[in-house]
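Student: take this sequence and fold it.
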Amino acid sequence: MPKLKVPGLQILVHIGALVPLAWLAWQFSQDNLTANPIREIQLRTGRYALNLLVLTIACTPVYNIFGFKPARQWRRTLGLYAFMYAGLHLLNFIGLDYGFNFALIEEGIAAKPFALVGLAAFIILLPLAVTSTKGWVKRLGNNWPRLHWLVYLAGIMAVIHFVWLTKSKADLRVPLVYGAIVALLLIVRTPIIRRLISRP
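Tutor: Model (predicted):
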């Protein structure tokens with residue numbers, strides 16, 4: 001692919017990641033987020049975060065299998081947007097839902113295991129976002145890729161969060177599909193499978 005097209009594709013990645021937020025903000029300003037807007041914001045930001053996290057995890061396998069170099073460049077961008085939506089997801093929970101009442105927040109998390117797992121996933125993503133700069137890549141050296149393998153743990157915990165959130169509902173197909181995708185991407189990254197599918 002010509003190099004001149006990469007910046008344009010990068011811009012499309014930014015636009016694609018920001019459009020859901022813009023649409024959510026617009027619908028909120030128009031009072032058009034169902035009868036329970038706080039819950040709707042919670043669901044949407046969580047879904048956006050998970051989608052972007054899965055895309056982040058998929059970048060390296062896409063490069064290894066298809067040799068699509070821009071995918072490696074998008075990995076950091078998508079990861080940071082996933083973190084942003086996860087942060088908005090958490091902020092909505094502790095701010096709009098619980099009004100920053102930390103006593104109630106503690107009780108709410110203790111009573112909802114899915115919230116605890118979701119918080120753990122966010123905490124894992126935090127150092128990954130902080131160390132995503134070129135400066136941190138140089139400082140950490142060989143430890144940088146080891147640290148960023150934690151994105152898979154964050155992905156697994158995010159799926160568990162989703163599964164437990166929908167546990168009382170009849171249809172678990174959607175969270176299980178996410179789980180299958182994350183599991184497949186993790187299998188693809190194992191050394192044996194990676195050697196079999198990587199481009200020469």
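Student: for burial, what's the neighbour tally of Ala110?
Tutor: When neighbours are defined as other C-beta atoms under 10 Å, Ala110 has 10 of them. Just so you know, the C-beta spots here come from the backbone N, C-alpha and C atoms, and that holds for glycine as well.
Student: contact partners of the strand or helix carrying it?
Tutor: Using DSSP states H and E, Ala110 sits within helix 102-111. Residues outside helix 102-111 that contact it (C-beta atoms under 8 Å, 6 or more residues apart in numbering): Phe93, Ile94, Tyr98, Ala115, Leu116, Leu119.
Student: now do the helix or strand following that helix: distance to the chain's middle.
Tutor: Next helix or strand after helix 102-111 toward the C-terminus (DSSP H and E): helix 113-130. Distance of helix 113-130 from its chain centroid, counting by C-alpha atoms, centre = their mean, to the nearest Å, is 10 Å.
Student: average pLDDT across helix 113-130?
Tutor: Averaging pLDDT along helix 113-130 yields 95.
Student: cool, and stretch 22-42?
Tutor: The average pLDDT for stretch 22-42 rounds to 92.
Student: what does that stretch rub up against?
Tutor: Stretch 22-42 is contacted by residues Arg44, Thr45, Leu88, His89, Asn92, Phe93, Leu96, Asp97 when judged by C-beta under 8 Å, 6+ apart.
Student: show me the contacts for the third one.
Tutor: Leu88 makes contact with Leu21, Ile41, Thr45, Ala49 under the criterion C-beta under 8 Å, 6+ apart.
Student: most centrally placed residue in this protein?
Tutor: In the chain, the centroid-proximal residue (C-alpha atoms, centre = their mean) is Leu53; its distance is 2.7 Å.
Student: which SSE is the closest residue to it other than its chain neighbours in?
Tutor: With C-beta to C-beta, 6 or more residues apart in numbering as the criterion, Leu53 has its nearest non-adjacent residue at 4.2 Å, and that residue is Ala82. Following DSSP H and E, one finds Ala82 within helix 70-91.
Student: that helix vs helix 113-130, what angle?
Tutor: Between helix 70-91 and helix 113-130, the angle formed by their directions is 130 degrees, by axes from the mean of the first three to the mean of the last three C-alpha atoms, to 10 degrees.
Student: and Gln73, how far from Tyr48?
Tutor: With distances taken as C-beta to C-beta, to the nearest Å, Gln73 is found 21 Å from Tyr48.
Student: the two: who's more crowded?
Tutor: A direct count of neighbours by other C-beta under 10 Å for Gln73 and Tyr48 places Tyr48 higher, at 21 against 15.
Student: Leu128 reaches Val151, doesn't it?
Tutor: Yes: between Leu128 and Val151 there is a contact at 6.0 Å, judged by C-beta atoms under 8 Å.
Student: quick check: neighbours shared by the two?
Tutor: Common neighbours of Leu128 and Val151 (criterion: C-beta under 8 Å, 6+ apart): Gly79.
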